[in-house]
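Undergrad: fold the following and give me the result.
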Amino acid sequence: MVELKTDSSIDAMHAAGQVVARALTAVRRAAAVGVSLLELDAVAREVLREAGAGSPFLGYRPSFAPTPFPGVICASVNDAIVHGIPDGYRLRDGDLVSIDCGATLDGWAGDSAISFVVGTPRAADVTLIDAAERALAAGIDAAVVGNRVGDIAHAIGTVCRGAGYGIMEDFGGHGIGRHMHEDPGVPNEGRPGRGLPLRHGMVIAIEPMLISSGRDDYHPTPDGWTLRTNDGSRAAHVEHTVAITEAGPRVLTSRDGL
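TA: The predicted structure follows:
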C-alpha cells in the first residue's frame, strides 16, 4: 500500500533528507587516496550523531542477507555496484566510489547516493557518472502528478540505454517514508504510461545504477551484501529522495540545502 504524505510530513522528510545530504557531502570531502572505507563510515556516523539522527542502514537485515548490515553507509568501489560493506580497504588513485547513505529523524527516513572518483579520474568513469546523473535528473523530471511510475522508469532507462550502459534488472528505486523501503517499487527501465499513477504526497527514492560495459548481469559476493558486475566492469549509483507534489518534484536530499 502506498502512503500519501501530508505537506507537513514532507517537510519533516526534508529535514531527514538534509541530514543525508550533509553526511554525503562530508564523506565526499573526506575521501582521498589512503583513506579507508571504515573511516568514511565514521565520518557519516558523526554527521548523524550531531543531527540526533539514526541510520536505517545499520543493523538492517532483509531476507537475502546472511548478517545485519554493519555500517551507516554502503561503500561500493569500482566493479561493486551497490551494497558494499565499509571495511578496511584504503582508497587508491582512480577508484570509482559510490556512497549510499540514509538517515532517520523524528520518525522519517531519507536516502541518497553519490558516485565520484578519488584522485585522477579516467575519462570513461567521468562519462559514466555523468550519464548516471543525467538519468537521475530525467527520472526526477518525470516524477510529476499525472504521470505513472513507468514514465519515471522509461526516462531513466532511455538515458542509460542511449549511452550504452547496462542496468540491474532486479534493483531500482522505492517508496520511502516512515520506513526506508516502502511501496511502490520504481524500476530503472520500463514502458511509459504504465504502472501506478503518481499523486501529490507520494515520496520515492529514485536511484539509477549503471554498468559501464553495457551488460546487465551481476553477482553477490561471499559477504552476502555486495553486488558486483560479472565482467569486472565499473559501475555508478546515484539517488535522491523525491516528493511528488502539485508544484512539481521536490528533491528532499538535495545537497544545495533547498
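
Undergrad: C-alpha only now, for contacts and for neighbours.
TA: Fine.

Undergrad: and the pLDDT at A143?
TA: At A143, the pLDDT value in this model is 98.

Undergrad: helix/strand/coil for it?
TA: Classification of A143 using DSSP: H, G, I helix; E, B strand; the rest coil returns coil.

Undergrad: show me the contacts for it.
TA: 149, 151-152, 198, 244, 248-249 (C-alpha atoms under 8 Å, 6 or more residues apart in numbering).

Undergrad: at which residues are the strands of the stretch 151-258 of the chain located?
TA: With DSSP state E, counting those that start in this stretch, the ranges of strands along the stretch 151-258 of the chain come out as 166-167, 173-175, 182-186, 203-206, 209-211, 218-220, 227-229, 235-237, 240-245, 248-251.

Undergrad: of these, which is nearest G54?
TA: Proximity to G54 (C-alpha to C-alpha) singles out strand 240-245 among the strands of the stretch 151-258 of the chain, at 16.8 Å.

Undergrad: tell me what that closest one is packed against?
TA: Applying 3 or more C-alpha pairs under 8 Å, 6 or more residues apart in numbering; DSSP states H and E, we find strand 240-245 packed against strand 108-117, strand 203-206, strand 248-251.

Undergrad: dump the ones you listed to TSV, plus distance to D231 and mean neighbour count.
TA: Formatted as TSV, the helices and strands packed on strand 240-245 follow (distance: least, C-alpha to C-alpha, whole Å; neighbours: other C-alpha atoms under 10 Å):
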stretch	distance to D231	mean neighbour count
strand 108-117	20	26
strand 203-206	26	30
strand 248-251	34	18
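
Undergrad: quick one, which of those gets closest to A236.
TA: Across the helices and strands packed on strand 240-245, A236 has its closest neighbour in strand 108-117 (5.8 Å, C-alpha to C-alpha).
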